[in-house]
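J.: Fold the following and give me the result.
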Amino acid sequence: MNAAYVVASCKSWHKERYDRMLEEHGGEWYWVSSPNELMDCIRHARPRYVFFLHWNWIVPVEIWTKYECVCFHMTDVPYGRGGSPLQNLILAGHSQTKLTALKMVGEVDAGPIYTKKPLSLDGSAEEIYLRAGELSFEVIRWIVDAEPEPQEQQGEPTFFKRRKPDQSLLPEKCSSKEVYDFIRMLDAEGYPRAFIKYGDMRIEFSAAKLNADGVSASVNIFFESEE
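T.: Alright, predicted model coming up:
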């Protein structure tokens, strides 16, 4: 009997890459994008691995203790465990990071490591997430083929805090590079765009470009009275 594999993500950009993987490799694979789909799939698939690419919900303990669950984190752990890794990395001035594949355990981002791959932080958040997605599927294929034994993390952990929507307010005092970084790090599907408040208007920014004399960006204006 062939082994089954589950890929779990709530982001649409992963689904296209998942479909390409099926065309290239075939096999018994399942895609899930919600907790209910995950539970239903687990019950009948009994997978060898469950791969969590981008997941906004707590995985039930009965899943990760019974099945080998692999999650992906965008830092060189144990540095940067926790929420909003991409945004926190850019705010800390990083231009490069590691995409780390971890075995899921009870503590967030604390599991043993399968592998780490270099990842550039150039471009918008969506471009970075797409790049990380491509890399994640390369790692998935490697794990399926090699079935590596993950190794415990080494070193003292540091932690990131998950950012809140009101933290997308553009700081009043910053350089053109800092403005550019702030806009691009939030420029992805499902993320609260960088914004400023002006009267009863909320002005949101995306598609930022850093120029010799400043920053250009696309603007959307929302009126609170019309929301």
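J.: Which parts of this structure are strands?
T.: Ranges of strands within the chain are 4-9, 28-32, 49-54, 68-73, 81-82, 96-103, 113-120, 159-160, 194-198, 201-211, 214-223, based on DSSP state E.
J.: Out of the ones you listed, flag the one nearest Tyr129.
T.: Tyr129 sits nearest to strand 49-54 of all the strands of the chain, at 7.7 Å, using C-beta to C-beta. Yep, even glycine has a C-beta here, placed from its N, CA and C like the rest.
J.: could you give the angle of that closest one to strand 4-9?
T.: Interaxial angle, strand 49-54 versus strand 4-9 (axes from the mean of the first three to the mean of the last three C-alpha atoms, to 10 degrees): 10 degrees.
J.: helices or strands next to strand 49-54 in the packing?
T.: strand 4-9, strand 68-73, helix 125-146 (3 or more C-beta pairs under 8 Å, 6 or more residues apart in numbering; DSSP states H and E).
J.: can you rerun that using 6 Å?
T.: strand 4-9, strand 68-73 (3 or more C-beta pairs under 6 Å, 6 or more residues apart in numbering; DSSP states H and E).
J.: can you put those in a markdown table and add mean neighbour count and mean pLDDT?
T.: What follows is those, written out as a markdown table (neighbours: other C-beta atoms under 10 Å; pLDDT from 0 to 100):
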| stretch | mean neighbour count | mean pLDDT |
| --- | --- | --- |
| strand 4-9 | 22 | 96 |
| strand 68-73 | 21 | 98 |
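J.: Report the separation between Met196 and Leu119.
T.: Residue 196: Ile, not Met. 30 Å (C-beta to C-beta, to the nearest Å).
J.: follow-up on the earlier one: would you tell me which of the strands of the chain gets closest to Gln153?
T.: Judged by C-beta to C-beta, the one of the strands of the chain that comes nearest to Gln153 is strand 113-120, at 6.1 Å.
J.: taking the mean pLDDT, what do you get for that closest one?
T.: The predicted model gives strand 113-120 an average pLDDT of 98.
J.: Please apply the same query to stretch 202-214.
T.: 97.
J.: same deal with stretch 180-199?
T.: Averaged across stretch 180-199, pLDDT comes to 96.
J.: Would you mind listing the buried residues in that stretch?
T.: 180-188, 191, 193-195 (16 or more other C-beta atoms under 10 Å).
J.: Figure out how far that stretch is from the centre of its chain.
T.: Distance of stretch 180-199 from its chain centroid, counting by C-alpha atoms, centre = their mean, to the nearest Å, is 17 Å.
J.: before we move on, what about stretch 159-173?
T.: On C-alpha atoms, centre = their mean, the centre of stretch 159-173 falls 17 Å from that of its chain.
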